[in-house]
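Asks: coords below, sequence missing:
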């Protein structure tokens, strides 16, 4: 066990483990198998780029968390996590992407050897990294265990950020600021989209001062002209065109903590449609931010935003935001609270959200968003990029 | 349906569809639900950054492929895929990350409405984007269907690349060459790891000539000093140190096609341990490349490599390579053929592999790899980065 690369004090990981165990108690679980890379990191510090093969952290009531992964990745655990040597277990390489073997066979043996063969076991059933086959093999290997869906159980423990997590996210806010600074410098008619992305990624990876840039859980989304009708397209070498809008959805990242932010640029004099949409989004954003105070619910922010849009004749059907922070590919969202009708998650200081005010219609779109921190008073925006349609003359 | 962004002729997609249907016939499937983003792209051209929510392409025997995804992503399908309007279906946003609703409920209704409620349906059971819960909900919604595991069925159809795919991968080889060129220029004692990554990512995204850089399915892996014992760590702001080795595992990418490549640098005069390892890896690489001809098997390459290492007293337990090409996060591998004992996949012209010759031990490691194309004659390396330990004086 080495802790030189740990991002938090061991005491903070211990506090998190305690929270996890309390949540397990409430859910009636003896054991929890955590496959979500962000949850694994939050519990142990483990930070690797190996989540494309099965790996997990096993949390029990009494013993320290157990790391399970591919043999070659055990050293990555040793170097990044506070897991002690006797709690590191692996499967051999023959189990990787095999037609006959599956790593969950080995995990089943380990869980049995640990004395949990008849336990009530929570699994993250809707996670990217827990496939239908993984569950089939694991439950086959543990025929006397009882499985419960513990999806988002740990994610919900992550929703209120600690002081240091907030520091990292404010740092990520500075990083995304530097990314937009660079976009504003280079975005001109004729430059290739890919060259713009090269510049903003460069700025985002260099970071700002001590806030070096980590990789985002999702790459930049870009929407130029009619492509702005689609929120999740990336880039090509198509030149930036005059008299067209282009949005960017980027995240600054520091030590795996994100500050997502979208801005829309217009190259030339904006059309009335774009100017009106800017007004609607900014009014709605302001209305939503005023609701972003402790005691209100997530749905209050959505209602304020969607209500303001309606006064401009605009309809938004998608959710208007989501909890976020620590994240790994394919997404930085925490998959817990959303700004939408019916989400009665009560806002508490330390919660962080991407207030995703994007609009996408048949042949146009606009994104001007904020990442926000709920405080005991007024809401705090995590970045200071000017909140407006950005004009390139 | 717009085809302006299609990466291949429609005729090539039609050929692929035909191959997919033949594979379905052989597997006894009436219907195939394809969730792997690379498989979705290969079948239809669909290219979006939206795979963090459920989406799929449904392939039947007679009708054109059907795209299913989130409502806001339908425009992304319209703009990138050759799917016609009447074959685009979506779920509403309330199904996203909900505790009570799941997109697979809607897919079940669609499959039933299409007349496949009693079909034998193939699903990619071990895919990142087909969770245990997704399968549970889908099979619950289609109680009269029979499900079969069709994992890797489409992946295997992708293993032999077309002329244009090979062109893109050769372009990606040029891109990764530019990335290493930049690393060689900036890697000096004292520079931050994150600044090196900023530079190489910049070079990789700008690309080379018409080969603009797309995003890699996995971010750079870096191993400096003792961190080289772990293959899948990323970076921090730790300064590059003199008299230390550092490896990079990067991919150049063009239009989602990858050319992965690892190189190890040494800053100063290499230790005998590192120099000996270089010799072993290069000898083994050469031995493996000589076996990389049509008619041989994947395991022949692994045996040649591991056998050469053994003559230097080195043991490699992990696989020595894998098929790759088109890819999305979290990995560029195709999850089909591997260079390892027992893999009797016969080499055929047009196959492409990452010959992953990396070594990782207790407190050191080395990676000097090649991405290769099987031809009718000698093997072709997709990049021309010098195959050696790269010395920074």
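Replies: Yep, it's here. Please read all numbers here as calculations on a predicted model, not as lab measurements.

Asks: from here on, just use CA atoms for contacts and neighbour counts.
Replies: OK.

Asks: tell me where the stretch 251-393 of chain A has strands.
Replies: A:257-267, A:321-328, A:331-338, A:352-355, A:359-360, A:365-366, A:370-373, A:380-381, A:390-392 (DSSP state E, counting those that start in this stretch).

Asks: mind checking how far the residue in the stretch 51-200 of chain A that chain B sits nearest to is from residue A:138?
Replies: Chain B sits closest to residue A:132 of the stretch 51-200 of chain A, with a gap of 3.7 Å, by CA to the nearest CA. Plainly put, residue A:132 is 10 Å away from residue A:138 if you go by CA to CA, to the nearest Å.

Asks: ok, residue A:234 next?
Replies: For residue A:234, the distance to residue A:138 - CA to CA - is 37 Å.

Asks: try residue A:97
Replies: Distance, residue A:97 to residue A:138, by CA to CA: 16 Å.

Asks: same deal with residue A:102?
Replies: Counting by CA to CA, the gap from residue A:102 to residue A:138 is 9 Å.

Asks: cool, and residue A:154?
Replies: In this structure, residue A:154 and residue A:138 are 20 Å apart, going by CA to CA.

Asks: more neighbours: which of the two?
Replies: Taking other CA atoms under 10 Å in any protein chain shown, residue A:154 and residue A:138 do not tie; residue A:154 has more neighbours (27 against 21).

Asks: isn't that one right up against residue A:21?
Replies: No - using CA atoms under 8 Å as the test, residue A:154 is too far from residue A:21 to be in contact (9.7 Å).

Asks: near chain B, which residues of the stretch 201-350 of chain A?
Replies: A:201-206, A:212-215, A:218-219, A:221, A:227, A:229-237, A:317-319, A:329-331, A:335-336 (CA under 8 Å from any CA of the partner chain).

Asks: so is stretch A:44-55 next to chain B?
Replies: Yes - using CA under 8 Å from any CA, stretch A:44-55 reaches chain B at A:47-52.

Asks: closest one of the residues you listed to residue B:88?
Replies: Closest approach to residue B:88 among the residues of stretch A:44-55 next to chain B (CA to CA): residue A:52, at 29.2 Å.

Asks: ok, now which ones touch the residue nearest to residue A:255 when sequence neighbours are not counted?
Replies: In this structure, residue A:255 finds its nearest non-sequential neighbour in residue A:214, 5.9 Å apart by CA to CA, 6 or more residues apart in numbering or on different chains. Counting by CA atoms under 8 Å, 6 or more residues apart in numbering or on different chains, residue A:214 touches A:204-205, A:252-256, B:194, B:235-236.

Asks: for residue A:78, give its distance to residue A:246.
Replies: 44 Å.

Asks: and the two? which has more neighbours close in?
Replies: residue A:246 (25 against 20).

Asks: my guess is that one contacts residue A:225, does it?
Replies: Yes - Residue A:246 is within contact range of residue A:225, at 6.2 Å (criterion: CA under 8 Å).

Asks: quick one, domains of chain A?
Replies: Domains of chain A are assigned by automatic domain parsing as A:3-157, A:163-392.

Asks: may I see the ones you listed organised as CSV, with mean pLDDT added?
Replies: Shown next, in CSV, are those (pLDDT from 0 to 100):
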stretch, mean pLDDT
domain A:3-157, 96
domain A:163-392, 97
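
Asks: dump those domains into CSV; add distance to residue B:304 as well.
Replies: Below are those laid out as CSV (distance: least, CA to CA, whole Å):
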stretch, distance to residue B:304
domain A:3-157, 18
domain A:163-392, 35
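
Asks: just confirm residue A:141 contacts residue A:109, I think it does.
Replies: Yes - at 7.3 Å, residue A:141 counts as touching residue A:109 under the criterion of CA under 8 Å.

Asks: tell me which of these two has more neighbours.
Replies: Per other CA under 10 Å, whichever of residue A:141 and residue A:109 has more neighbours is residue A:141, with 19 against 16.

Asks: grab the nearest non-local neighbour of the more buried one.
Replies: In this structure, residue A:141 finds its nearest non-sequential neighbour in residue A:108, 5.1 Å apart by CA to CA, 6+ apart.

Asks: quick one: that neighbour is in a helix?
Replies: Yes - under DSSP: H, G, I helix; E, B strand; the rest coil, residue A:108 falls within a helix.

Asks: that one: neighbour count?
Replies: 20.

Asks: I'd say it and residue A:145 touch.
Replies: No - using CA under 8 Å, residue A:108 is not in contact with residue A:145; the gap is 10.1 Å.

Asks: so what sits against both of the two?
Replies: With CA under 8 Å, 6+ apart, residue A:108 and residue A:145 have common neighbours residue A:139.

Asks: would you mind measuring from the closest residue to chain B within the stretch 201-350 of chain A to residue A:264?
Replies: Of all residues in the stretch 201-350 of chain A, residue A:202 sits closest to chain B, at 4.5 Å by CA to the nearest CA. Using CA to CA, residue A:202 is found at 20 Å from residue A:264.

Asks: also residue A:240?
Replies: 13 Å.

Asks: the more surrounded of the two?
Replies: residue A:264 (26 against 21).

Asks: can you tell me the helix or strand for the nearest residue to the more buried one once chain neighbours are set aside?
Replies: Of all residues not flanking residue A:264 in the chain, residue A:247 sits nearest, at 4.0 Å (CA to CA, 6+ apart). Residue A:247 belongs to strand A:245-254 when assigned by DSSP states H and E.

Asks: and stretch A:157-167, how far out from the chain middle?
Replies: 13 Å (CA atoms, centre = their mean, to the nearest Å).

Asks: ok, stretch A:320-335 next?
Replies: Taking mean C-alpha positions (CA atoms, centre = their mean), stretch A:320-335 and its chain are 2 Å apart.

Asks: residues contacting that stretch, please?
Replies: Residues outside stretch A:320-335 that contact it (CA under 8 Å, 6+ apart) are A:37-38, A:42, A:152, A:155, A:159, A:169, A:216-218, A:256-259, A:302, A:305, A:336-340, A:351-358, B:51-52, B:97, B:329-330.

Asks: isn't residue A:168 up against residue A:257?
Replies: Yes - Residue A:168 is within contact range of residue A:257, at 6.2 Å (criterion: CA under 8 Å).

Asks: more neighbours, these two?
Replies: Higher neighbour count among residue A:168 and residue A:257: residue A:257, with 30 against 23, using other CA under 10 Å.

Asks: any idea how far residue B:307 is from that one?
Replies: For residue A:257, the distance to residue B:307 - CA to CA - is 44 Å.

Asks: try residue A:252
Replies: Going from residue A:252 to residue B:307 by CA to CA gives 46 Å.

Asks: equivalent analysis for residue A:32, please.
Replies: On the measure of CA to CA, residue A:32 and residue B:307 end up 42 Å apart.

Asks: next: residue A:79.
Replies: Computed as CA to CA, the residue A:79 to residue B:307 distance reads 30 Å.
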